[in-house]
Each structure stands twice: as C-alpha cells, then as structure tokens.
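Peer 1: below are the sequence and a predicted model; questions follow.
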Protein chains: 2
Amino acid sequence: MFENLPKRVHIREVGPRDGLQNESVFVPTEVKKEFIQRLAAAGVSAIEITSFVNPKWIPALADCAEIGSRFSDMPGIATNALVPNMKGLEGAEQAGMKDISVFMSATEAHNKSNINKSIDETLRQFETLVPAAKARGMQVRAGLSTAFGCPYEGETDVRQVVRIVRALRGMGVDEMGIADTIGVADPLQVQRVLEQVLPICPVQEVSLHFHDTQGTALANIMVAMEMGITHFDSSLGGLGGCPYAPGASGNVPTEHLVYAFERMGIETGIDLEKLLEVGVYMQQVLGHPLPSNGLKAYLGRKQRAATTAVKAAAAAAI
Amino acid sequence: MFENLPKRVHIREVGPRDGLQNESVFVPTEVKKEFIQRLAAAGVSAIEITSFVNPKWIPALADCAEIGSRFSDMPGIATNALVPNMKGLEGAEQAGMKDISVFMSATEAHNKSNINKSIDETLRQFETLVPAAKARGMQVRAGLSTAFGCPYEGETDVRQVVRIVRALRGMGVDEMGIADTIGVADPLQVQRVLEQVLPICPVQEVSLHFHDTQGTALANIMVAMEMGITHFDSSLGGLGGCPYAPGASGNVPTEHLVYAFERMGIETGIDLEKLLEVGVYMQQVLGHPLPSNGLKAYLGRKQRAATTAVKAAAAAAI
C-alpha cells in the first residue's frame, strides 16, 4: 500500500511563532531564545521564529525585531518569519531574515476575519509584496490557511485552493504551505486536494501543515508522503492553534512526527529524546500542560522512573 | 493508494469497561448504566460493558454482576464482558452474557505483570476456559495485549503473536483482538504484523485495538482497513489506558473514528453529535477533562456558541 515513502522528511517547527503567539500571557523574549536554541540543539533544521506584525494586533510577538536579528543567521538552520505587509517586510529585512512567509486563507470569511481583507484584495497586495521580497533575495513561502475546511464556511472548495495556488506561483512564491488550520481534513480529502495542487506546483515545493483536532494528522501525512510530499510543519508539544478558528486545537506535535517517521525508517535529523526534553522545559516555563499525547507519555515514563529510583535508593539505605 | 476501504466498519466501544476501570475513584453503578444507555442511543452497536474479575483486584468493576445482568440482553446491541478464569465465566453466565472476552499479553513480562502467569500457563488455562464458554453457547473473543510493543520488553516479536493467535484459534476463539496496549505501533508495523496474522485468521474475525499515545492510531487503522479489517475498538473521549503499562495514554477516541470514517464515506451507524454529547455528560460526571482532542474541540465550539448567544440576547435586550 505504501510504495513511495521518502527516505528523509523536512520538519519545520512552528512552535516559537504559531505556538507562542497563542499563549494567553507574553512569553519572555529570553524564553523564546532559549526555546529556539534548544530546538536547534535537538537537530531541528527549520524553525518559524516570529512574525513581523503590528504589536497592537499581536502583542505576543512584539519582540519580533529582537528575535529576528538574533536568529536570522543560524548556521545550518533555516529560520523563517511571517510577514503580512510591506512594513513587516521592512522589519524582516532589517532583522536580516532570508526566508519569509506570507499568509492568507482559502475561504473568504476566514481571510476577512484573520486579515480583514477579501481574497482578491490580499492577492493584489501580494503582487507587490512577494516580488519585493524576492528582489531582496529572500526565499518566499506562502501559507494558505483553511485549505481543507473553514470554521465559518465548512468544507473548502478545492477550486478556490487551485486558483490561489496558481496566482501565488505566478508571483514567484518558492514554497506553497497548504494548511488545515482547524484540523478537519481526512486522508481521502488530502489525496483529492493534492491531486489538484500537484499538477500546478512541483511536489518538492509543497509543504503541509496539519492540526490534530480530530486525530487525523498523521494519517493525512502518510497519504501526502505517499504522493511525494516531504515538507511538513509541526509544533513541539502541540503548542498553538488559531485564535480566529473556533474549536481548533493545536498543531500536530513535532514529537509525534519524529516518533512515527524514525520508527518507519524515515530520517528527520531530530533526536527524539532531546526534543522531548525541550518539551519538558517549555511546559515548565509556560506553567501549563501542553496538549501532546507523546509528551504526556514521556513525562509519565520519567515520573515512574524517578519514583522507582527513589524507592531503590530508600531500600538501599535501609 | 487506498483502493480497498470498506463501506462499513464495526466499532466496539470499550469505555464502560476499559475506560472506567482506570478511573481513580469508583464510578457509581447508576452512572455506568446511564453511560451504556446513552451510547446505545447514539447508535453504538457493540459495547464492552464490564469485566468479571475479583473485586479485590479491580474494585472499579465490583458491580460486574449488576451491570452484566442489566445489559447482557440489549436488542440490536452486542455487549461483551471480560472473563479471566472459570469463576469469571460462571459470573458471566449467571448474568446472561452471550459474548465474552478472554485476554492475555503477547510478551512474557507484561503477561506476568498483568495476570501473574507465564504465556504458556495462560494458554493452558484457556484450553479449558474457551471450550467451556463455547459449550455454554457464548461467542468468545480473545484480546491479545502488547501485540506491537511492551513497556518492559520493547518491540514485540511478531512470531510470538503468530504462535499465540494460532493456539487461540485452535481452541475455537471466534474473534482475535490484536491490541497495541501502549500505543507504540506505526503504520508499517501494522502492515507487517497483519501480513503474518491474516494467513492464519480470517480477516473478518480480526479486530484491532489502538491507543493514540503517539498520535499514530488513525494512520494504523487506515492501513488495517486497506488490508480488509473492519472491526475496531475505541473509547469515548479517549477514556482509559492500562494501569500496568507505564506511560500509556488513552484508547483512540471513538469520536475521532466516527468523525474520520463518516467523512470518508465509511458507515459506522453512530450519530457523531449524539456521541459527543455522551462525552460531555461523562466529562461532567467524572469531574475531569477527558483526553480526546475531538471532544475538546466540540466543547470549545459549544462554549463559543453559548457566548455568542448570550451576547446576542444582551444586545437584543438593549
């Protein structure tokens, strides 16, 4: 059944941006830096570090200039930042970012709710923004939210996805990130959507972004891998979600992907145990449990091992 | 890629037994009854209702006789109960159960830890127990725990699974339940194990039991369905786990399966919204959040809808 699985996949960790943006309190800049450094030390080679947005709209990322400057140049690690407009692009440029992501939704209602523009207005804006980024020598990724379903409009019309992908490709976008923002996609829908997208976008330039809201993320990724996709977004501990997508729970946890991929013989370059320890650290500093089942299981094993060691030491002392 | 998916699957809800057995406080018998009745009203057609075990070992199920008698005969619904030994079989018979499950592990250490016997001792015991149940006209299901991995021994040797399945089939077992008790299986391992099991057990007599400990459950089920399996265990809200399997988190949530199956056009006979409402009820009476992402998303949507309605009413009142 699976005859075309890749030897290696590329995971983009989106926790520092997508994850921390959704925390209810401001995460100190020093914690963000530590998070990014620890991810890199665990072998994560692509990290979405921040978003150059107006801090009035997203106070959680008010330190984007500092985070960008600190991590725009990490040897061997591709760091990217979100950029909503020309002002954001200027900020990203000043910070030395070489890789940016523009973003929009595949459904009108979500695009309106998220960035307060129609889809056509957004595309017109990107006709200036994307070439401006390319002219600065930046790699440009375009993230397409609600590509499978929308909290306001229900299932997304795949023709709308195709129309937007075609328009963005025409502007010179280097990577198309197709996102299931609210975690509604099933494996057969992923197959149907990719059958429409792959003829207009080279498979190595497509990345997928899944949420595990209904437990479908890994099943969806298996289908995508079999169709040749090797780039996936995920978030340590399942951090994140979408504040404008009611009922959405977190991104698929990075540790779930690393676990499953490595067990199936598909290389990620990431050390699972080191990665889980970054999750333990983040859960401690954030002060609340992260949603990931895999992290919960790891914490359970650690706790039991510690209890056993304490009992053994107590017995030895007697 | 998927060319052999079934038109209909059969879900066995194990929450009333597997789920509630793992609650830290005794769940009142009336709550268990309400749970089972509500599941049936949501369209669930197979329910594991209790276990005829010594209440000294599992106090949570001390009301097995009462639950068994009440639900052994539900029109249109197959209810089963676990039976560890002859004493349990007598209890199940007195309660009028027509469908019982014996259970053991595929690894020595887990079998020893869980039922305090070696695998061969267990098989010898079943050589009396299974024919005794068949002689009483009962359907006998055999659940094989740790069939993919063991918390003590690591990955399970598939030859051990094959040996035990062959022995149990020889005793006249009607259904083989292959369980990933600690949720470690990946889709390729499921394919490898089924390739060994299916030649010695008819596909319609195999059921699978997955935990979503690392987010792999639905991906595993997709592979199993493609290989012809149509019987799956799951637990509402992801209730449950295994008290003897360190680090194990809950069963795959029934609502995740119903969501994905129905969306892919695979019938379950279950009404998803009614099922989720049973989850809301159980979360209320148990007094703690259940692990299921799908239930969390449903509760989030409900809460937002209620907030919106209150705001609208307030606005109308002004």
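Peer 2: Received the coordinates, thanks. Residues are numbered from 1 along each chain as shown, chains lettered A, B, ... in the order given.

Peer 1: who's in contact with A:His10?
Peer 2: Contact partners of A:His10, counting by Cβ atoms under 8 Å, 6 or more residues apart in numbering or on different chains, are A:45-46, A:207, A:230-232. C-beta here means a position set from N, CA and C on the backbone, and glycine is covered the same way.

Peer 1: most neighbours among the residues you listed, which one?
Peer 2: For the contacts of A:His10, the largest neighbour count, defined by other Cβ atoms under 10 Å in any protein chain shown, is 24 neighbours, found at A:Phe232.

Peer 1: helix or strand for that residue, which one?
Peer 2: Using DSSP states H and E, A:Phe232 sits within strand A:231-234.

Peer 1: now do A:Gly215
Peer 2: For A:Gly215, no secondary-structure element claims it when assigned by DSSP H and E, so it is in no helix or strand.

Peer 1: how about the nearest residue to A:Val252, chain neighbours excluded?
Peer 2: Counting by Cβ to Cβ, 6 or more residues apart in numbering or on different chains, A:Val252 lies nearest to A:Ala217, which is 3.7 Å off, once chain neighbours are set aside.

Peer 1: and the two most separated of the contacts of A:His10?
Peer 2: The most widely separated members of the contacts of A:His10 are A:Ser45 and A:Ser207, with 13.7 Å between them, by Cβ to Cβ.

Peer 1: which one of the contacts of A:His10 is nearest A:Glu3?
Peer 2: Of all the contacts of A:His10, the one sitting nearest A:Glu3 is A:Thr230; the distance, using Cβ to Cβ, is 15.5 Å.

Peer 1: give me the below-cutoff pLDDT ranges for the stretch 151-300 of chain A.
Peer 2: Applying pLDDT under 70 to the predicted model, the residue ranges of the stretch 151-300 of chain A that meet it are A:241-249.

Peer 1: how about the residues of it by chain B?
Peer 2: Proximity of the stretch 151-300 of chain A to chain B is assessed by Cβ under 8 Å from any Cβ of the partner chain, with A:183, A:186-189, A:191, A:212-219, A:221-223, A:226-227, A:246-249, A:252-253, A:255-256, A:259-260, A:263-265, A:291-294, A:296-298, A:300 identified as the residues in range.

Peer 1: mind redoing it with 7 Å?
Peer 2: Residues of the stretch 151-300 of chain A that fall close to chain B, judged by Cβ under 7 Å from any Cβ of the partner chain: A:186-188, A:191, A:212-219, A:222-223, A:226, A:246-249, A:252-253, A:256, A:259-260, A:263-264, A:293-294, A:296-297, A:300.

Peer 1: selection in PyMOL covering whichever of those residues are buried, please.
Peer 2: Here is the PyMOL command that selects the buried residues among those (16 or more other Cβ atoms under 10 Å in any protein chain shown):
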select buried, chain A and resi 186+187+188+191+212+213+214+215+216+217+218+219+222+223+226+246+247+248+249+252+253+256+259+260+263+264+293+294+296+297+300
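
Peer 1: in this structure A:Arg8 contacts A:Met264, no?
Peer 2: No. Distance between A:Arg8 and A:Met264: 11.7 Å, which falls outside the contact criterion (Cβ atoms under 7 Å).

Peer 1: who does the residue lying closest to A:Thr181 once chain neighbours are set aside bridge with?
Peer 2: Using Cβ to Cβ, 6+ apart and skipping residues adjacent in sequence, the residue nearest A:Thr181 is A:Ser145, 4.4 Å away. When bridges are taken as DSSP bridges, the partners of A:Ser145 come out as A:Ser105.

Peer 1: and A:Ser145, how close does it get to B:Gly68?
Peer 2: Applying Cβ to Cβ, to the nearest Å, one obtains 50 Å for the distance of A:Ser145 from B:Gly68.

Peer 1: enumerate every residue touching A:Gly250.
Peer 2: The contact partners of A:Gly250, by Cβ atoms under 7 Å, 6 or more residues apart in numbering or on different chains, come to A:211-212, A:235, A:238-241, A:291.

Peer 1: want to try TSV for those, with secondary structure as columns?
Peer 2: As requested, the contacts of A:Gly250 are exported to TSV (DSSP: H, G, I helix; E, B strand; the rest coil):
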residue	secondary structure
A:His211	strand
A:Asp212	coil
A:Ser235	strand
A:Gly238	helix
A:Leu239	coil
A:Gly240	coil
A:Gly241	coil
A:Pro291	coil
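
Peer 1: now for whichever residue of the stretch 1-150 of chain A sits closest to chain B, how many residues are close by?
Peer 2: Of the residues in the stretch 1-150 of chain A, the one nearest chain B is A:Met1, at a distance of 5.1 Å by Cβ to the nearest Cβ. If you count neighbours by other Cβ under 10 Å, A:Met1 ends up with 15.

Peer 1: please apply the same query to A:Met86.
Peer 2: Close neighbours of A:Met86, defined as other Cβ under 10 Å, add up to 13.

Peer 1: and the pLDDT at it?
Peer 2: According to the predicted model, the pLDDT of A:Met86 comes to 98.

Peer 1: and if you look at A:Thr308?
Peer 2: pLDDT for A:Thr308: 79.

Peer 1: the one 10 residues further on too?
Peer 2: With respect to pLDDT, A:Ile318 scores 68.

Peer 1: what do you get for A:Arg304?
Peer 2: 82.

Peer 1: can you show me the CA trace of stretch A:18-36 as PDB?
Peer 2: Once side chains and other backbone atoms are set aside, the C-alpha atoms of stretch A:18-36 remain, and they are given as PDB (Å, rounded to 0.1, in the frame of the first residue of the first chain):
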ATOM      1  CA  ASP A  18       2.500  29.700  15.800                       C
ATOM      2  CA  GLY A  19       2.700  28.200  19.300                       C
ATOM      3  CA  LEU A  20       3.700  31.100  21.500                       C
ATOM      4  CA  GLN A  21       1.500  33.500  19.600                       C
ATOM      5  CA  ASN A  22      -1.400  31.700  21.100                       C
ATOM      6  CA  GLU A  23      -0.300  31.800  24.800                       C
ATOM      7  CA  SER A  24      -2.500  33.900  26.900                       C
ATOM      8  CA  VAL A  25       0.400  35.700  28.600                       C
ATOM      9  CA  PHE A  26       3.500  37.300  27.000                       C
ATOM     10  CA  VAL A  27       6.300  34.700  26.800                       C
ATOM     11  CA  PRO A  28       9.600  36.500  27.800                       C
ATOM     12  CA  THR A  29      12.000  37.100  25.000                       C
ATOM     13  CA  GLU A  30      14.700  35.200  26.800                       C
ATOM     14  CA  VAL A  31      12.400  32.100  27.000                       C
ATOM     15  CA  LYS A  32      11.800  32.300  23.200                       C
ATOM     16  CA  LYS A  33      15.500  32.500  22.600                       C
ATOM     17  CA  GLU A  34      16.200  29.500  24.800                       C
ATOM     18  CA  PHE A  35      13.300  27.600  23.100                       C
ATOM     19  CA  ILE A  36      14.800  28.200  19.600                       C
END
